[in-house]
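Q: here you go, sequence then predicted model.
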Amino acid sequence: MSEALPGERMEDKSVGELVALASGNISDLVRAEMTLAKMELKADAKKAALSSVMLTIAAVMGGLIVILLSVSFALGLAELGLWLWLSFLIVAVVYGLLALVLMWLAKRIVKRIEGAKRTRKTLKDDFTALRRRGDSDKRDADRLGSAKDDSGKSELTA
């Protein structure tokens, strides 16, 4: 593949050489873009991994905080004069009710998931239209084939 040298004029090159030069430049450009995309994706992947580790640590700490607050709540109820076991049972019932409410809300949200309803409808309509178009060609051929008279010659009907 020929390349343009600094002192060389492009007008002196043949069309084949110019096409080869252009395709080589395009190939180099595509390779450079692919390399850039790989480097950017690698950097983004590192950032995503770091942030997921941080979110995991934050979630664990949040869980520990919930446990400590639950124990504090139960011990606070015990200080008010309730038996210790009853205080922890009350905390457990409160968490159970909270879990039931969250499950009920989640169930309502899941029931509202439509599952790409419009996309399924448009795809179904597209396939139906394609089938009808194919069927109409077949029906035209059948109609022309059935328009033959007794002698076997076909009649042209509109």
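A: Sure, I can see it. Everything numeric in this text was worked out from a predicted model, so none of it was measured.

Q: ok, and what's touching stretch 93-111?
A: Contact with stretch 93-111 is made by Ser70, as judged by C-beta atoms under 8 Å, 6 or more residues apart in numbering. (C-beta placed from N, C-alpha, C; glycine too.)

Q: for the remainder of this discussion, apply numbering that starts at 2.
A: Taking 2 as the first residue, the last one we looked at is stretch 94-112.

Q: residue nearest the centroid of the chain?
A: Of all residues in the chain, the one closest to the mean position by C-alpha atoms, centre = their mean is Ala117, 12.0 Å from it.

Q: give me the distance from the helix or strand where Ile91 lies to the chain's centre.
A: Counting by DSSP states H and E, the element that carries Ile91 is helix 85-112. Relative to the chain's own centre, helix 85-112 is displaced by 33 Å; criterion: C-alpha atoms, centre = their mean, to the nearest Å.

Q: helices or strands up against the top helix by length along the chain?
A: For the chain, the helix reaching the highest residue count under DSSP state H is reported as helix 16-80. Contacting helix 16-80 under the criterion 3 or more C-beta pairs under 8 Å, 6 or more residues apart in numbering; DSSP states H and E are the following elements: helix 85-112.

Q: show me which residues of the helix it packs on are buried.
A: Of the residues in helix 85-112, those buried under the neighbour-count criterion (16 or more other C-beta atoms under 10 Å) are 88-89, 92.

Q: stretch 21-40 too?
A: So stretch 21-40, judged by 16+ other C-beta under 10 Å, has buried residues Leu22.

Q: hang on, Glu115 in a helix?
A: No: when DSSP: H, G, I helix; E, B strand; the rest coil is applied, Glu115 is found to be coil, with no helix at that position.

Q: and the gap between it and Phe128?
A: Distance, Glu115 to Phe128, using C-beta to C-beta, to the nearest Å: 20 Å.

Q: show me the shaky parts of the protein.
A: 2-9, 135-159 (pLDDT under 70).

Q: hmm, 90 instead?
A: Judged against pLDDT under 90, the low-scoring parts of the chain cover residues 2-31, 113-159.

Q: between the buried residues of helix 85-112, which sits nearest Leu37?
A: When the buried residues of helix 85-112 are compared for distance to Leu37 (C-beta to C-beta), Val92 wins out at 55.3 Å.

Q: residues in contact with the closest one?
A: For Val92, the contact set (C-beta under 8 Å, 6+ apart) comprises 71, 74-75, 78.

Q: for the nearest residue to it once chain neighbours are set aside, what are its contacts?
A: Beyond its immediate neighbours in the sequence, the residue positioned closest to Val92 (C-beta to C-beta, 6 or more residues apart in numbering) is Ala75, lying 4.6 Å away. By C-beta under 8 Å, 6+ apart, the residues touching Ala75 are 85, 88-89, 91-92.
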